[in-house]
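Chemist: coordinates only, sequence not included:
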């Protein structure tokens, strides 16, 4: 309970700019959870196919990928390779493994922290101009706002960059596995034959 009161006091001391920092942090967290879950499910589906787990039916997206590739290929290796690359990219985009949204939220939270810093320093200098150097309470409130928003923006931004890097590594692994899955499809007959 004491920790919640302390955190709430910090949020209030941070002023207006804590709201956009908090909102971008929540959005970033939601994107991280969504992307991580999508990538993990896709990797699990591909691992099941690699291990030959035939007891369970193939995932819908893999069956669709297989059918689309088999239906569209023509037997020309160059054209089929381009077709495979296009289908791979489409499925990678479908999983939302592009971490630009996470990195955008991380950048925005850092910038909101900087804006809070500037606002807090302006408030400190206004207090100093109005009351002189003797009113330390007003100056301290402005400096506190500046430091809290800076800290919050940087913590949110660094967390977003770390999560974005981690997810980009996972998505690169997923891309490689989808690519390997599509290469295995090349051994089947052209023109929509059965798997």
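Modeler: Everything's here; your move. All figures in this text were calculated on a predicted structure; none of them were measured in a lab.

Chemist: After the helix or strand of the chain with the lowest mean pLDDT, which helix or strand is next?
Modeler: The weakest-scoring helix or strand in the chain, judged by mean pLDDT, DSSP states H and E, is helix 2-13 (a mean of 71). Moving toward the C-terminus from helix 2-13, the next helix or strand (DSSP states H and E) is helix 18-50.

Chemist: now for that following helix, which elements pack on it?
Modeler: helix 2-13, helix 60-72, helix 100-131, helix 136-185 (3 or more Cβ pairs under 8 Å, 6 or more residues apart in numbering; DSSP states H and E). Using the backbone N, CA and C atoms, a C-beta is placed for each residue, glycine as well.

Chemist: closest one to residue 47 among the ones you listed?
Modeler: helix 136-185 (7.9 Å; Cβ to Cβ).

Chemist: the inter-axis angle of the closest one versus helix 100-131?
Modeler: With axes from the mean of the first three to the mean of the last three Cα atoms, to 10 degrees defining the directions, helix 136-185 sits at 170 degrees from helix 100-131.

Chemist: Over to the residue located most distally from the centre of the chain. Which of the three states is it?
Modeler: When distances to the mean C-alpha position of the chain are computed (Cα atoms, centre = their mean), the maximum falls on residue 134, with 47.1 Å. Per DSSP: H, G, I helix; E, B strand; the rest coil, the local secondary structure of residue 134 is coil.

Chemist: Okay, it and residue 127: tell me how far apart.
Modeler: Distance of residue 134 to residue 127, computed by Cβ to Cβ, to the nearest Å: 10 Å.

Chemist: circling back: gap between the residue farthest from the centre of the chain and residue 128?
Modeler: Distance check for residue 134 against residue 128: by Cβ to Cβ, it reads 9 Å.

Chemist: hmm, back to that, for the residue farthest from the centre of the chain, grab phi and psi.
Modeler: phi -80, psi -20 (degrees, to the nearest 10).

Chemist: low pLDDT regions in the chain?
Modeler: Residues of the chain that meet the criterion pLDDT under 70 lie in 6-7, 10-11, 13-14, 52-58, 94-98, 186-195.
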